[in-house]
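**Q** A structural model of the following input is requested.
(2 chains)
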Amino acid sequence: MSETVVPNQTSAEVVASKSLLPQGWKADLGNLAGLDLTLAATELLRRTTSRLPQDVIDALVQGRDAEEEGSRAFNTLNDMVRNINLADDHVTPLCQDTGSIIFWVRHPFGMSQLATRKQLRAAVVEATKRSWLRPNCVESLSGKNSGNNMDPFHEHHPAIHFEEWDRPEIELSVMQKGGGSENVGAQYRLPDAALGAGRDIKGVRKCIIDAIVKAQGQGCSPGILGVAIGGDRVTSWERAKELVLRKLGTANPDPRMDVFEKELTRDLNTLGIGPMGYGGVTTVLGVSAEEMYRHPASFYVSIAYMCWSSRRGTLTLAADGQPSYDL
Amino acid sequence: MIRLTTPITEEQIRTLKVGDEVLLNGTVVLSRDMGHKFMKEQKPEWLKPILENMVIYHCGPVVKKNADGTWSFVAAGPTTSIREEPYQADVIETYKVRGVIGKGGMGKKTSEGLQKTGAVYLHATGGAGSLLAERVKRVVDVKMLEEFGSPEAFWIIEVEDFPLVVTMDSHGGSLHEIVAQASQDRAKALTS
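**A** Residues are numbered from 1 along each chain as shown, chains lettered A, B, ... in the order given. This next block holds a predicted model:
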């Protein structure tokens, strides 16, 4: 398995030809109250479970080519690219851990959140039935699997974040967040005496380095980090996770954070953890950091760790109802 | 590249060293969190003939039921092994397991178990769900499917040329320990 694999994503035309949506399907945004997103959301899940965003593929290939040819790190990244080609070609899950399903819905005034929640839940049930998603929702204490990815009583899974905005279009993003990567995420409270981390950017950096060293290969490195600086325990975590949605290689709008991210990425890749913790120079693919406001007494640093198989995607319904998928 | 076929003897295991690349053939038994707790606490006898000299795989697959009632694996990469650290050494000893497949490596207690019984930890590429499912030739049987649910059940499968790396051997060697130590040293240098 040593020949260098070339990424071979199916073309947009082929992806569209396999779409669940009938050709020419459009949403009627003139009738927001009667909108049905079930099919369009199921199609989004079909794509996110089997296809990685191009920026992630590019970063993995770049990482592989930076490793010594024939090394375990090189071969592992090469197998990751091979896996990406296979999953896309077969329309099967990239990873058996199809993750917890997290949606973000941005919508104009007039769309029913209650109805949309039902539709998104129906989409997840359908995707599970089609073996695109593994049933990943179990009762905490008994471990009993609900079988269809639904949290039957509290409606906490799938997680759905709604935000009303002043634009005419609807944007639906989804992330499939695996359990292994979720488990190595970390939240710190500064100052942290054990780490010698104070309430400044140096302290933040120490937390992130500590989290990555603790994670080793467990979160399926090379990882993609979302880092929220500040907020409260909840808003900080929420923001950290959402930051993972940002495209790799895009500049941070905050120039200080942009410099911080680039330097940190370079430093983390000198830790020698490498892909899957085998050793190597590709420990992270990128970092997205954001400074938030905070209570004067609290200083949280939240680090969301996403595995290399960063399954995320967005469906945009334009004002005229035209759907477009970003993968 | 070393080819191994189950059942595996202790003698074969003792020749393996950290860094060896292995292609595994034969029978593999899937088990993860619920299965390991169950094996340690209840030590079911019926699993003994299934596991002796065989290989356990930490994996919760995506499965598909075919029209004829048989099962297929759609995606089947490894899950994080360290969660089984409290159970693994006992499971290896009780059931005379010769290999454990997973990702991320395991700790001291498991390493001691590997040395005592004569077993190895085999690392598979995490996230390579499609690639590894292709190497699963047949689902032979499944146990405790109703009780545990599909990600946690004991799936008994046949694999062909399943690509693995020995990252913990039966002589106390661990690639994970080496990488962890080096990265901790580097982190100290980066933050001093």
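**Q** what's the longest helix in chain B?
**A** Secondary structure of chain B per DSSP state H: the longest helix is helix B:175-191.
**Q** and the contacts of that one?
**A** Under the criterion Cβ atoms under 8 Å, 6 or more residues apart in numbering or on different chains, residues A:196, A:205-206, A:209-210, A:213, A:216-217, A:267, A:270-274, A:277-279, B:18-19, B:104-106, B:123, B:165, B:167-168 lie in contact with helix B:175-191. Yep, even glycine has a C-beta here, placed from its N, CA and C like the rest.
**Q** ok, now stretch A:68-84?
**A** The contact list for stretch A:68-84 (Cβ under 8 Å, 6+ apart) reads A:1-2, A:4-7, A:9, A:52, A:57, A:60-61, A:63-64, A:67, A:94, A:222, A:274-276, A:278-282, A:308-309, B:19, B:125, B:127-131, B:163, B:165.
**Q** export stretch B:44-61 as PDB, just CAs?
**A** The C-alpha trace of stretch B:44-61 is given here as PDB (Å, rounded to 0.1, in the frame of the first residue of the first chain):
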ATOM      1  CA  PRO B  44     -18.900 -15.600  30.300                       C
ATOM      2  CA  GLU B  45     -17.700 -19.100  29.500                       C
ATOM      3  CA  TRP B  46     -19.300 -19.100  26.000                       C
ATOM      4  CA  LEU B  47     -16.800 -16.600  24.800                       C
ATOM      5  CA  LYS B  48     -13.800 -18.700  25.600                       C
ATOM      6  CA  PRO B  49     -13.800 -20.900  22.500                       C
ATOM      7  CA  ILE B  50     -14.500 -17.800  20.400                       C
ATOM      8  CA  LEU B  51     -11.600 -15.800  21.700                       C
ATOM      9  CA  GLU B  52      -8.800 -18.300  22.500                       C
ATOM     10  CA  ASN B  53      -5.800 -17.500  20.400                       C
ATOM     11  CA  MET B  54      -7.900 -14.900  18.400                       C
ATOM     12  CA  VAL B  55      -7.800 -11.200  18.000                       C
ATOM     13  CA  ILE B  56     -10.100  -8.600  19.500                       C
ATOM     14  CA  TYR B  57     -10.900  -5.500  17.500                       C
ATOM     15  CA  HIS B  58     -12.000  -2.200  19.200                       C
ATOM     16  CA  CYS B  59     -14.500  -1.200  16.700                       C
ATOM     17  CA  GLY B  60     -18.200  -0.200  16.400                       C
ATOM     18  CA  PRO B  61     -19.000  -0.700  12.800                       C
END
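**Q** now that stretch: buried residues?
**A** For stretch B:44-61, the neighbour count (16 or more other Cβ atoms under 10 Å in any protein chain shown) marks B:47, B:50, B:51, B:53, B:54, B:55, B:56, B:57, B:58, B:59, B:60, B:61 as buried.
**Q** what sits against residue A:252?
**A** Counting by Cβ under 8 Å, 6+ apart, the residues that residue A:252 touches are A:258, A:261, A:288, A:289, A:290.
**Q** want to try TSV for those residues, with pLDDT, secondary structure and distance to chain B as columns?
**A** Compiled in TSV, the contacts of residue A:252 are given as follows (pLDDT from 0 to 100; DSSP: H, G, I helix; E, B strand; the rest coil; distance: Cβ to the nearest Cβ, whole Å):
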residue	pLDDT	secondary structure	distance to chain B
A:258	98	helix	20
A:261	98	helix	16
A:288	98	strand	20
A:289	98	strand	17
A:290	98	strand	22
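**Q** from what I see, residue A:52 and residue A:86 are in contact.
**A** No - using Cβ atoms under 8 Å, residue A:52 is not in contact with residue A:86; the gap is 11.9 Å.
**Q** ok, those two, which is more surrounded?
**A** In this view residue A:52 and residue A:86 are compared by other Cβ atoms under 10 Å in any protein chain shown, and residue A:52 has more residues nearby, 27 against 21.
**Q** neighbours of the residue nearest to that one when sequence neighbours are not counted, how many?
**A** Sequence neighbours aside, residue A:84 is the residue nearest to residue A:52 in space, at 5.5 Å (criterion: Cβ to Cβ, 6 or more residues apart in numbering or on different chains). Neighbours of residue A:84 under the rule other Cβ under 10 Å: 28.
**Q** quick check, residue A:84 in a helix?
**A** Yes - assessed by DSSP: H, G, I helix; E, B strand; the rest coil, residue A:84 belongs to a helix.
**Q** OK, contacts around residue B:109?
**A** Listed by Cβ under 8 Å, 6+ apart, the contact set of residue B:109 reads B:85, B:86, B:88, B:89.
**Q** where do the helices sit along chain B?
**A** B:10-14, B:33-42, B:48-51, B:85-95, B:108-117, B:129-133, B:145-148, B:175-191.
**Q** make a markdown table out of the ones you listed and add mean pLDDT.
**A** Output for those, formatted as a markdown table (pLDDT from 0 to 100):
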| stretch | mean pLDDT |
| --- | --- |
| helix B:10-14 | 98 |
| helix B:33-42 | 97 |
| helix B:48-51 | 98 |
| helix B:85-95 | 98 |
| helix B:108-117 | 98 |
| helix B:129-133 | 96 |
| helix B:145-148 | 96 |
| helix B:175-191 | 98 |
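**Q** any idea which of the ones you listed is most buried?
**A** helix B:129-133 (a mean of 27; mean count of other Cβ atoms under 10 Å in any protein chain shown).
**Q** that one and chain A in contact?
**A** Yes - residues of helix B:129-133 are located near chain A by Cβ under 8 Å from any Cβ of the partner chain, namely B:129, B:130, B:131, B:133.
**Q** which non-adjacent residue is nearest the residue in chain B positioned nearest to chain A?
**A** At 3.0 Å from chain A, residue B:149 is the closest residue in chain B, using Cβ to the nearest Cβ. Excluding the flanking residues, the one nearest residue B:149 by Cβ to Cβ, 6+ apart is residue A:145, at 3.0 Å.
**Q** okay, that neighbour: pLDDT?
**A** Residue A:145 carries a pLDDT value of 95.
**Q** how about the strands in the stretch 1-150 of chain A?
**A** For the stretch 1-150 of chain A, applying DSSP state E, counting those that start in this stretch gives strands covering A:100-107.
**Q** list the beta-bridge partners for whichever residue of it sits closest to chain B.
**A** The nearest approach of the stretch 1-150 of chain A to chain B comes at residue A:145, 3.0 Å away (Cβ to the nearest Cβ). Going by DSSP bridges, residue A:145 is paired in beta bridges with residue A:138.
**Q** distance check, residue A:17 against residue A:40.
**A** According to Cβ to Cβ, to the nearest Å, residue A:17 stands 16 Å off from residue A:40.
**Q** compare the two and say which is more crowded by neighbours.
**A** Neighbours were counted for residue A:17 and for residue A:40 using other Cβ under 10 Å; residue A:40 has more, 22 against 10.
**Q** residue contacts, the more buried one?
**A** The contact partners of residue A:40, by Cβ under 8 Å, 6+ apart, come to A:21, A:25, A:27, A:172, A:315, A:317, A:323.
**Q** quick check: closest non-adjacent residue to residue B:7.
**A** residue B:53 (3.6 Å).
**Q** could you report the neighbour count for residue 65?
**A** No chain in the question, so chain A it is. Residue A:65: 13 neighbours (other Cβ under 10 Å).
**Q** you looked at the wrong chain, it should be chain B
**A** For residue B:65, using other Cβ under 10 Å, the count is 11.
**Q** so who does it touch?
**A** The contact partners of residue B:65, by Cβ under 8 Å, 6+ apart, come to residue B:71.
**Q** bridged to it, which residues?
**A** In beta-bridge terms (that is, DSSP bridges), residue B:65 pairs with residue B:71.
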